[in-house]
Structures are given as structure tokens and as C-alpha cells.
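1. Need a 3D model of the sequence below.
(one chain, ligands or ions: 2)
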Amino acid sequence: MPHPTKFIIDFDSTFTQVEALDILGEISLLNDPDREIKLKAIKDITDKGMEGTVTFRDSLIQRIDILKATKSQIADLILELKQKVSKSFERNKEFLQDNAANIYIVSNGFRDFIIPIVGDYGIHEDNVFANEFVYDEADNIVDFNRENPLSQNNGKAETIRKINLEGEIYVIGDGYTDYEIKKSGLANKFYAFTENVNRPKVTREADHIAPSLDEILYVNNLNTKFSYPKSRIKVLLLENVHQIGVDLLNAEGYEVEVVSSAMSEEELCEKIKTVSILGIRSKTNVTKKVLENANRLIAVGAFCIGTNQIDLETCQEKGIAVFNAPFSNTRSVVEMAIAEIIFLMRNFVDKTASMHQGNWDKSATGSFEIRGKKLGIVGYGNIGAQLSVLAENMGLNVFYYDVIEKLALGNATKVNSLDELMSTCDIISLHVDGRKDNENVINRKKIELMKPGSYLLNLSRGHVVDIPAVRDAILSGRLAGCAFDVFPEEPKNNKEPFVSELIGLPNTILTPHIGGSTLEAQENIARFVPGKIMEYINTGNTYNSVNFPNIQLPFLQNAHRLIHIHMNEPGVLAKINQILANFEINIVGQYLKTNEKIGYVITDIDKAYSNEALDALKHIPGTIRFRVLY
Ligand SMILES: NC(=O)C1=CN([C@@H]2O[C@H](COP(=O)(O)OP(=O)(O)OC[C@H]3O[C@@H](n4cnc5c(N)ncnc54)[C@H](O)[C@@H]3O)[C@@H](O)[C@H]2O)C=CC1
Ligand SMILES: O=C(O)C(=O)COP(=O)(O)O
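-> Ligands and ions are numbered 1, 2, ... in the order given. Below is the predicted model:
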């Protein structure tokens, strides 16, 4: 049943993402030597027409004169425009088709290209009000129908007056001429559509600013496709997440804010209040206090490997799913470790610094090949194991220690205690995770166990090593060198100073936590993490989540999906199913997984159900979060 409200929708920059005459210019002026100048002139005239500094009629005359387009070029334009329909119109095609009888396109553009585009969405040509080109015998566009009110200022209001619509009338558009319909008393509401263009002069006049069609349908209870408009989902990305990630989340229709540095707890406590998706890297601590303020937060994306900076348990208790990129920068860290082992054993860093001072110090003293040396890897996870493979290929003998049982790759040898590893290897490289228990795992005692003249690398987490003990070992000559990429205290951004007791020590490589900072790694991460978050939000999939039970779900077809997150206590599933039975709701599919703390139940049901049933499900004791996917 179509909804009785009548929608008057603008075409250029509303139904489509672009101004059609700009695109027509790109086509008709393709081989014109003054193409760029003319295209710019068309844009300028369009803007002047919008601002009202040139009358709309004059702007049309001038543009058509520059365009010199033909009928066959209109056919090309239509093909282009079909690719440029606004994303939220595309998403809500079903709504537009079902309600086509009550949808009117009123535009200062041209019927010649509008009808074929909106026709694909079920909108009948009788409901399209727009200008018409005039062609000569050779099919060149030479003029437009000057009798048409839409070729003049305030033509939209005049057109609506003539068609004499009755009932509730809503106007959707991005331009001042759309607002004029409401201003003339011919519509009940004006929605300023900002998905493609945001004009303050227009949004100021709006009854409602609509970043998407989803938003308009949502506020009018007309949403059939999305239970919640994506444009209402606020994303906050901190710490210079790669632009690809920003673009992906923007393209999904979310409202994305980007901040280049990390945030302090205090700053984040304030900022998080309106945020639904938070993206961070290693520097932002998502603490219990932050999470207490995070009542809209659905998911956290760690755009890195480590998640020790996030209070994962509190996230679980609040039904916030956490995702990371477990392999995207692994290789980058390993390559850096290999390079540093060679640099340390040849004393390259001090030698090059000395050369820059004008010194020539050619000597083999304290310089060694890495071939045949014993490399001890602490933490044989993804990074440790990959380092093992590459190091062995370069001729190192690999030994490792891990707190859990791990498959030895290649010829690597498992060692049964950390002490044994520390005391027998020439190089120790740390690749443990950042759990709290790992604080000072490499303490003074462990460092004292190391072979005289050995080397220490830490590319894992700063709190794992006792820094004053390393300083003493370097100064006493027990350690021949060390490489540190991570520190107990790291600056929040590139402007804050770096302070450490390791500054100025000999054969000591210090890097600003850049193990994973390669363009390849950052791009991989920026594709991976948003992908996981969007999948979770759109389908409920938690596969790869760090803190949620992992479920890989089938596509939702012809059903609605109930997502129920609850404390893992007995009987919740039974209660869910009891409610569904009481309301005679047919279950199409059901999936449950739990971990020690929470249960995650997905129930796909037939589309016909009452809101009371949803209400009852929401109020089952122990419910943490409940949402519905259409
Ligand atoms: N410097 C940088 O830019 C980067 C640093 N990292 C850090 O590297 C570390 C390792 O990353 P992945 O290998 O991907 O993690 P992973 O989780 O795959 O491996 C960690 C391994 O350490 C073991 N482990 C934990 N505590 C241990 C201990 N006390 N003694 C011995 N073994 C212990 C675990 O059992 C596990 O096998 C993490 O701390 C991560 O945050 C990761 C990427 C970039
Ligand atoms: O991936 C990790 O765990 C890292 O330590 C890299 O951190 P970053 O993203 O460079 O702040």
C-alpha cells in the first residue's frame, strides 16, 4: 500500500549525485580545445544561478550556448547518470517503486534525461515536471521551451500550484528553489538533502536536514529496508587512520569525523557520548571510564594488531564488539626486525651518525655477520613465527619461547623456559602481546642473564621491558646494542616531545613505534577493519571479533534478523524462544554462541510480527543489547 504522503523530489544533486548539465558538458566538449575553461564557465554559471546573482533563465541560456550538445549526447548522458544515482535512493529503490504514484520529480533540469533515470525506479513520466530541450533538424540542442515555468525563477512553486496536489506534501531537495515550494505555502515540510551537497543557505531553512533518504524515511516511520539510517551512525577515527578507511566508512553513508592524534581519557570521555563506531590505533586508551560515557557505541575498530589499550571486558559487558587487523602489518614488523638485527650487529647507526659529523672510522671491531648466530624469539605468535621463517632464510639459528604450545616452523627450536632462551641466544627479539601480566617480563634479572655482547630488540609493547635495566646493561657493555620501537610512555602525536632514558646511548636504535607503519600495512588495515565493522552492523557477523563469540552468518533473505546480546546466564535462549512462540512468530534460522561472559543469539524470523514481541525480547533479564536488521 503506497503511503498517502506526497513527495516532491528534486533531480540534480538529489536524485542523482551530480548536476546533469556539468556531465553533459564533459561529454559534448570532449574534443574542444577550450574544454577546461568552458567546463569551469558552466560550473560558475550554475553557481551564480543558484546564488541568484544571475537569473535562472539567463543561466540556462548561457549554459546551453556553451554546451553545444546534441540528442545523441543526451543518450550518453543518460548512461552516465544511471551510474550516479544517489546511494540512498539506490538503497531505497523498493520504497520508491512501491510509492511511485505519490512521488513527483520537480526539477529545473530536463525531462529528456530525467524520465529514463527515474523511470528505472518506477516513477511515471506524468509525475516528472522539468524543462524540455528544443532541437533543430540536425538534432542539435538549440534552445529550451521558454513557456515552461521551470525555465524561470520560482518556477517550481508555480508548477506545484498548477498540479494542485492534496494532502500532506513533503519536498526533498538540495537547492533554495526546493525550499521556495514550502515558502510559497505549497508544502508541509522541506527536507534539505545533504548527501551530495550541503548549502548553508538552504539547510538554514529546512524543517529537517537529511543526510540521506534513509533519514527521511526513518523519521517518518517509512523505513522498510534499514532499521536505522546509516547517516545517524557517527564514526570517530583517531590517530591518522589511512584515508582508504575514511573513504570506505563515508561511502557506507556514516557520518565520519577524523582526528589525527590520539585522545586523552578526559577528551575521549566527552567525545564518545555521541559516537557509534570508534576507530583507534595503539595510542588511544579505551578505558572503563571512557566506556561508561559510551552509551551509543556499537563497535570499536583497532586499526592495528594490539588491543591491550582497550578494556575488552567492559566492552563485552556493554555489548560493544571489538575488531582488529590481526595480520595486516605482521610482515612490516618482521622486515623491520630483520633490518635492525643487521644494523645492530654492524653498528650502522652510530657509524652513519659519525660520518655525518665528518668522521671516517673504518674498522671491523664489534661488527659481525648474522649468519650462524642464535636468534631467540620471545612470543611465537604471528609476528614471532614469521620472523622465525625469514631469519632462518638469512642463516640465523632460531630458538623461541612461548607461554603456549606453538608449532616450530622450519628448523626453529622450542626452548622450555624464558631464562634458558635469554641466557643462550645472541639476539633476543620480543614479540609477546600487550596483556597486563607482561609488564616488565624482561626485568633486570632477565637482562642480567643475557650473554655478554648480546643484543635486545623490542617491537612489541613498551611496558614489557624494564628500561632503566636496559640502560645500565648498555652502559656497562653487557649488551652490545638494542633496538626499541615501543616505550612505556609514548607521545600522543607528532608534536609532543619524546622522553626516554635510552636517548643518547651507543648502538641504540630508537624508532617512533613504526613497526607497522608502512603504506602497504596501513592500506591493508584500512580495508580490513571497516569491512569487519560494516559486516557486523549490516549482518551481525562477528567473525574475527576480538571479544565477541565468533559467528559467521548466512545472508538474510526474506526475513528479519533479531540480534540479542546477553550476559551468559542459564535460560536466556529458552526465554527468547518462549516469547517468539507466545507471539506465534515463525523462526527461519537460529544461531547461538557464547563465551565465558556473554551470549550472542541471532534469530531470523518471518517479517510479520508485532512491536510488542520486540519489546518483550528487549526486556528479557540479562539483555545487554538488542537490535533488529531488516
Ligand atoms: N611495533 C609495532 O608497530 C607493532 C607491534 N605489534 C605488537 O607485536 C606483538 C605481537 O603481535 P602478534 O605476533 O601479532 O601477536 P600474537 O598474539 O599472534 O602473538 C603473541 C604471542 O606471544 C605469546 N606470549 C604472550 N605473553 C608471553 C610471554 N610472557 N612469554 C612468552 N610468550 C608470550 C602468546 O602466547 C602469543 O603466541 C603485540 O604486542 C603487538 O601489539 C604489532 C604490530 C605492530
Ligand atoms: O599493530 C599494533 O599493535 C601496533 O603496535 C601498531 O600500532 P600503530 O597502529 O602504529 O599505532
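2. now the strands for the stretch 1-150 of the chain?
-> Counting by DSSP state E, counting those that start in this stretch, the stretch 1-150 of the chain has strands at residues 6-9, 103-110, 128-131, 133-135, 141-144.
3. State whether Gly589 is indeed within a helix.
-> No. When classified by DSSP: H, G, I helix; E, B strand; the rest coil, Gly589 is found to be strand rather than part of a helix.
4. nearest to ligand 2, of the strands of the stretch 1-150 of the chain?
-> strand 6-9 (43.5 Å; C-beta to the nearest ligand atom). Every C-beta, even on glycine, is put in place using the N, C-alpha and C of the backbone.
5. Centre of the chain to that closest one, how far?
-> Computed by C-alpha atoms, centre = their mean, to the nearest Å, the separation of strand 6-9 from the middle of its chain amounts to 32 Å.
6. do stretch 282-299 as well
-> With C-alpha atoms, centre = their mean as the basis, stretch 282-299 stands 17 Å off its chain's centre.
7. Please list the residues of the stretch 301-450 of the chain that sit near ligand 2.
-> Within the stretch 301-450 of the chain, the positions lying close to ligand 2 (C-beta under 6 Å from any ligand atom) are 304-306, 329.
8. Out of those residues, who's the most crowded?
-> Ranked by neighbour count (other C-beta atoms under 10 Å), those have Cys304 at the top, with 26 neighbours.
9. Just say helix, strand or coil for that residue.
-> coil.
10. How about the one 3 residues further on?
-> Taking three-state DSSP as the rule, one finds Thr307 in the coil state.
11. now swap in Glu180 and tell me
-> Three-state call for Glu180 (three-state DSSP): helix.
12. and what of Val601?
-> strand.
13. where's it relative to Cys482, distance?
-> Taken as C-beta to C-beta, to the nearest Å, the spacing of Val601 relative to Cys482 amounts to 50 Å.
14. Of those two, which one has the most company?
-> Looking at Val601 and Cys482 with other C-beta under 10 Å, you find the greater number of neighbours at Cys482, namely 26 against 23.
15. Check the burial of the nearest residue to that one once chain neighbours are set aside by counting its neighbours.
-> Taking C-beta to C-beta, 6 or more residues apart in numbering as the measure, Cys482 lies nearest to Leu456, with 4.5 Å between them; neighbours along the chain are not counted. The number of residues packed near Leu456 is 26, by other C-beta under 10 Å.
16. Leu456 in helix, strand or coil?
-> Per three-state DSSP, the local secondary structure of Leu456 is strand.
17. quick one: contacts for it?
-> 427-428, 430, 442, 447, 450, 465, 470, 473, 479, 482-483 (C-beta atoms under 8 Å, 6 or more residues apart in numbering).
18. Show me which residues of the chain sit near ligand 1.
-> 305-306, 329-330, 333, 378-384, 401-404, 431-434, 438, 441, 459-461, 485-486, 513, 515-516.
19. Narrow those residues to just the buried residues.
-> Buried residues within those, counting neighbours by 16 or more other C-beta atoms under 10 Å: 305-306, 329-330, 333, 378-384, 401-402, 431-434, 438, 441, 459-461, 485-486, 513, 515-516.
20. Just those residues: which are in strands?
-> Of the positions in these, 378, 401 sit in strands, assigned by DSSP state E.
21. And the spatially most central residue of the chain, how far from Ile216?
-> In the chain, the C-alpha closest to the average C-alpha coordinate belongs to Leu249, at a distance of 3.5 Å (C-alpha atoms, centre = their mean). Distance from Leu249 to Ile216, counting by C-beta to C-beta: 22 Å.
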